[in-house]
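Peer 1: Any chance you can model this:
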Amino acid sequence: MPTPNDSGRINLRQQYEVQYWTKKLELTDQELADIIETVGDSIDAVRTHIGR
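Peer 2: Okay, the predicted model is just below:
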């Protein structure tokens, strides 16, 4: 599986990034999208939001 181009941001427009981050963070596609809508696409913000 390819890794994200920018490890600091999650690009929901790139399916391979969605697959990478949903697997790594143990989230569904929809959960990830909802969190990004709330806190933005920064991986640090997403991790903080989910407590990981």
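Peer 1: what residues does the helix or strand bottoming out on mean pLDDT in the chain touch?
Peer 2: The helix or strand of the chain with the poorest confidence is helix 15-25; it has a mean of 95 (mean pLDDT, DSSP states H and E). Helix 15-25 has contacts (C-beta atoms under 8 Å, 6 or more residues apart in numbering) with 1-5, 10-12, 27-29, 31-32, 43, 46-47, 50, 52. To be clear about C-beta, it is placed using only N, CA and C from the backbone, and glycine gets the same treatment.
Peer 1: Quick one: buried ones out of the residues you listed?
Peer 2: For those, a burial check counting by 16 or more other C-beta atoms under 10 Å picks out 4, 10, 27, 32, 43, 46.
Peer 1: just the helices in the protein please.
Peer 2: 15-25, 29-39, 43-50 (DSSP state H).
Peer 1: Output the last one as CSV, nothing but the C-alphas.
Peer 2: Okay, so that is helix 43-50. Taking C-alpha atoms only, helix 43-50 is exported to CSV below (Å, rounded to 0.1, in the frame of the first residue of the first chain):
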residue,chain,number,x,y,z
ILE,A,43,-2.9,14.2,11.2
ASP,A,44,-1.9,15.6,14.6
ALA,A,45,-5.4,17.2,15.0
VAL,A,46,-7.1,14.0,14.0
ARG,A,47,-5.0,11.9,16.4
THR,A,48,-5.6,14.4,19.2
HIS,A,49,-9.4,14.3,18.5
ILE,A,50,-9.5,10.5,18.7
